[in-house]
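Asks: Fold the following for me, if possible:
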Amino acid sequence: MEYLSIFVKGIFVENMIFAYFLGMCSYLAVSKTVKTAVGLGFAVIFVLGITVPINYLLENFVLKEGALTWLSADYANVDLSFLSFIMFIAVIASMVQLVEMIVEKFAPALYGALGIFLPLIAVNCSILGGALFMQERQYPSIGEATVFGLGSGVGWLLAIVAIAAIREKIRYSNIPDPLKGLGITFILTGLMGMAFMAFMGIEI
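Replies: Numbering: from 1, shown residues only. Okay, the predicted model is just below:
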């Protein structure tokens with residue numbers, strides 16, 4: 001039940017975009033069509049689902065104070081937590097490079113549509129946010145950390161697909177010229193974010 005709670009919270013209650021407004025750059029830039037939004041969303045799920053558990057292992061068995069006691073009791077006072085940012089980013093960059101190669105090999109059309117925004121997942125604040133939230137919350141097991149990463153990725157996918165579907169419809173709507181494009185997108189994102197934030201206090 002704990003796994004389900006973490007997963008559902010990652011999607012709906014603690015949504016990376018609507019609750020924390022992380023990853024907005026790629027969210028706004030790639031949400032013009034549902035096809036590209038789905039492609040990037042699944043890439044984000046993959047990266048979060050892989051990097052959060054890897055970074056969990058790094059945090060608990062290498063970086064934090066006393067993590068190296070599995071090597072020897074002499075390392076009980078060693079604290080490498082100051083390397084957390086650079087290690088987390090290195091893991092994320094490696095996984096993004098893997099995703100980029102896979103997409104380029106098996107879906108060249110999607111690779112061309114995503115363009116520069118696919119490698120920019122490496123500096124997407126929602127991806128680093130997943131690792132930092134994992135570190136802050138101190139999940140007791142790698143399973144819970146993995147479920148959190150997957151839930152966060154699914155939440156990001158649903159958010160970007162939702163706004164992409166709305167933008168595709170709005171493109172043919174009769175709205176004032178100043179609100180077309182990013183204008184109406186910002187307004188809709190704010191309204192959807194307010195709705196999601198209303199659920200932050202609900203216990204699942």
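
Asks: Was I right to think Tyr111 contacts Leu118?
Replies: Yes. Tyr111 lies in contact with Leu118 (Cβ atoms under 8 Å); the separation is 6.8 Å. The way it works is simple: take the backbone N, C-alpha and C, and place the C-beta from them, glycine included.

Asks: shared neighbours of these two, which are they?
Replies: Residues touching both Tyr111 and Leu118 (Cβ atoms under 8 Å, 6 or more residues apart in numbering): Glu100, Val103.

Asks: Could you list the low-pLDDT ranges of the protein?
Replies: Applying pLDDT under 70 to the chain picks out residues 1, 122-123, 171-173, 198-204.

Asks: What are the neighbouring residues in contact with the closest residue to Asn124 other than its chain neighbours?
Replies: Nearest residue to Asn124, sequence neighbours excluded (Cβ to Cβ, 6 or more residues apart in numbering): Gly23, at 4.9 Å. Gly23 is in contact with Met16, Ile17, Val44, Asn124, Cys125, Ser126, Ile127, Gly129, Trp156, counting by Cβ under 8 Å, 6+ apart.

Asks: can you count the residues close to the closest residue to the second one other than its chain neighbours?
Replies: Nearest residue to Ile17 in three dimensions, chain neighbours excluded: Ala159, at 4.2 Å (Cβ to Cβ, 6+ apart). Look at Ala159: counted by other Cβ atoms under 10 Å, it has 26 neighbours.

Asks: so Ala159 touches Ala19, yeah?
Replies: No. Checked against Cβ under 8 Å, the pair Ala159 and Ala19 is beyond contact range at 9.8 Å.

Asks: contacting residues around the residue nearest to Glu2 when sequence neighbours are not counted?
Replies: Computed as Cβ to Cβ, 6+ apart, the closest residue to Glu2 that is not its neighbour in sequence is Glu144, at 6.8 Å. Shown in contact with Glu144 (Cβ under 8 Å, 6+ apart): Glu2, Tyr3, Ile6.
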